[in-house]
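Novice: Build me a structure from this.
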Amino acid sequence: MSPMQMKTPKGTRDWAGEDITLREHVFDKIRSIFRLHGGAELDTPVFELKSILTDKYGEDAKLIYDLQDQGGELCALRYDLTVPFARWLAMSNVRQIKRYQIGKVYRRDQPAIARGRLREFYQCDFDYAGTFDLMVPDSEVLSVIVEVFEALRINVTIKLNHRCILDGMFAAVGVPQDQLRSISSAVDKLDKSPWEEVKKEMLQKGLAAEVVDKLGSYLLSSDISNASDIESTLSFIKSDEVLMANEDVKKGVQEMELLSQYLSAYDIATYVKFDLSLARGLDYYTGLIYEVIPESFSTVNGAALQVGSIAAGGRYDTLVGMFSRRDIPCVGISFGVDRILTILNARQNRVEDPKPKIDTWIIASDSSSLVEERMAIARELRQAYISVDFNPNASQKPRKQLEAADCVVVAVYLEEDTETAGGIRVKVLTLPEKNLDKATVVDREDLVDEVRKRLV
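Specialist: Modelled structure (predicted):
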């Protein structure tokens, strides 16, 4: 294959250099928030038995990557981190856990790399499993969302809805029970498509025109169409006798009222909007559902950045029961790392300057006889957990090496000196000062302490 034909598979990309530095920095930020909430890390296989993944994703099941039969097992690449977590819970004796996981997932979707939508991408998940007081875990997961994006300095809105309210509204206007999920999938496209296209899809799926119009009267109501605060939307729902006659709607309203109190206690209510058109197409959600939408902004060339939601999740109380005889209630959130990175890169704001990869750079005079001395000092500094490197080209001029040390904190300069013990003089210079004449001479046995002091 010629070099011109070389490419990565559609919807994938290579990671290198600053992109990896930024990605790892974002991982560290997210992981630190997860740990603050008592999260325990879990890692699951990148592929699962195909039977584990089927019948969990509704119409999106067509996006699962199937693998060929290998040794008598039909497998598929994982579509998300949630179903593997539920499978793990069903196989273990764990009844309660706050779990987090960071890993790649795979979807045979139509990619748009410039918008952070790929076929191979990273997710960072935080999930709360177990039986607890109503809406307490849900409100903590929402707090995790806010804390993560505060740490990343991305302004967001959390759009939420409740599956009981949504399904109850469908039932109240006459959507047949066996069409709830397919119609829910159509409604979920309202954030990307105009009502006329969504309406056309529902009609094509066999929903009666009068039912579609009734459903549209709620989804497009001027009181709530732009997503309102929880209290306003609850007032709208409770004022409608048709909706409140449905038991699912009543249950959802009760839970949303309690959630509203807890969000105020966490002081995060201003981040949240109640959106009755939010549906979340995945079949396994049973209660609260939410998506995180970033604040719109223009890139440096003036174009508006379109990435869609950058995190999403909800409550799934029956998923574990699909794999075992017992249910374990769960609620969680999944962060789309690639879309987050797209935002950080587009606004040219990398959260904060990532920590330099190398703390110390060893520079030697242009005598090749000092190569071994550089190796010995590098080893000693690394044993003291100080990151260090040096140019393997011993013939390069010292000042040339110094100019290349842009992100380094400390430079160690070695020069031959027959009057010094060991035959070398050691000097230390704190960068960005680039004048070697101002370097401080230190005793060889004091070098580690001197470097460590300058790194503080």
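Novice: Run through who's touching stretch 85-100.
Specialist: 31, 34-35, 37-42, 44, 48, 52, 101, 124-132, 284, 316, 319-320, 322-324, 326, 328, 330, 332 (Cβ atoms under 8 Å, 6 or more residues apart in numbering). (C-beta placed from N, C-alpha, C; glycine too.)
Novice: Go ahead and build a ChimeraX selection from the buried members of the residues you listed.
Specialist: ChimeraX command restricting the contacts of stretch 85-100 to the buried ones, with burial defined by 16 or more other Cβ atoms under 10 Å:
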select :31,34,39,42,48,52,101,124,125,126,127,128,129,284,316,319,320,322,323,328,330,332
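Novice: So which of the contacts of stretch 85-100 belong to helices?
Specialist: Among the contacts of stretch 85-100, DSSP state H puts 31, 34, 35, 52 in helices.
Novice: in what helix or strand does residue 362 lie?
Specialist: Using DSSP states H and E, residue 362 maps to strand 360-364.
Novice: same deal with residue 148?
Specialist: helix 136-152.
Novice: Buried residues in that helix, which are they?
Specialist: 137-149, 151-152.
Novice: out of those, who's nearest residue 207?
Specialist: Distance to residue 207 across these (Cβ to Cβ) is lowest for residue 138, with 30.5 Å.
Novice: Thought residue 315 was touching the closest one, still the case?
Specialist: Yes: in this structure, residue 138 is within contact of residue 315 by Cβ atoms under 8 Å, at 6.3 Å.
Novice: Give me the common contacts of those two.
Specialist: Residues touching both residue 138 and residue 315 (Cβ under 8 Å, 6+ apart) are 287, 288, 331.
Novice: tell me the contacts of residue 34?
Specialist: By Cβ under 8 Å, 6+ apart, residue 34 lies in contact with 100, 124, 126, 144.
Novice: can you check residue 274 too?
Specialist: Residues in contact with residue 274 (Cβ under 8 Å, 6+ apart) are 159, 160, 161, 224, 227, 228, 229, 230, 232, 233, 234, 256.
Novice: Mind jotting down where the strands sit in the stretch 51-200 of the chain?
Specialist: 75-77, 97-106, 120-129, 156-162 (DSSP state E, counting those that start in this stretch).
Novice: Columns mean pLDDT and distance to residue 345 on top of those strands, output as TSV?
Specialist: Formatted as TSV, these follow (pLDDT from 0 to 100; distance: least, Cβ to Cβ, whole Å):
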stretch	mean pLDDT	distance to residue 345
strand 75-77	93	26
strand 97-106	96	19
strand 120-129	96	15
strand 156-162	95	17
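Novice: ok, back up a step: tell me the one of the buried residues of helix 136-152 nearest residue 443?
Specialist: For these, the residue nearest residue 443 by Cβ to Cβ is residue 151; the value is 42.5 Å.
Novice: which stretches of the stretch 201-350 of the chain form helices?
Specialist: All helices of the stretch 201-350 of the chain, identified by DSSP state H, counting those that start in this stretch, fall at 209-219, 230-238, 241-244, 247-266, 337-346.
Novice: how near is the residue most central in space within the chain to residue 88?
Specialist: Central residue of the chain (Cα atoms, centre = their mean): residue 335, 2.8 Å from the mean position. When distance is defined by Cβ to Cβ, to the nearest Å, residue 335 is 20 Å away from residue 88.
Novice: Could you do residue 319 as well?
Specialist: Residue 319 is 12 Å from residue 88, by Cβ to Cβ.
Novice: cool, residue 436 as well?
Specialist: With Cβ to Cβ as the criterion, residue 436 and residue 88 are 57 Å apart.
Novice: Residue 306 too?
Specialist: Per Cβ to Cβ, residue 306 is found 35 Å from residue 88.
Novice: now do residue 111
Specialist: With distances taken as Cβ to Cβ, residue 111 is found 29 Å from residue 88.
Novice: Please apply the same query to residue 452.
Specialist: On the measure of Cβ to Cβ, residue 452 and residue 88 end up 42 Å apart.
Novice: between those two, who's got more neighbours?
Specialist: Using other Cβ atoms under 10 Å, the more surrounded residue of residue 452 and residue 88 is residue 88, with 19 against 16.
Novice: Report how many residues lie close to the residue nearest to residue 279 when sequence neighbours are not counted.
Specialist: In space, and not counting its chain neighbours, residue 279 is closest to residue 188: 3.8 Å by Cβ to Cβ, 6 or more residues apart in numbering. By other Cβ under 10 Å, the residues close to residue 188 number 22.
Novice: Quick check: pLDDT value at residue 188.
Specialist: In this prediction, residue 188 carries a pLDDT score of 81.
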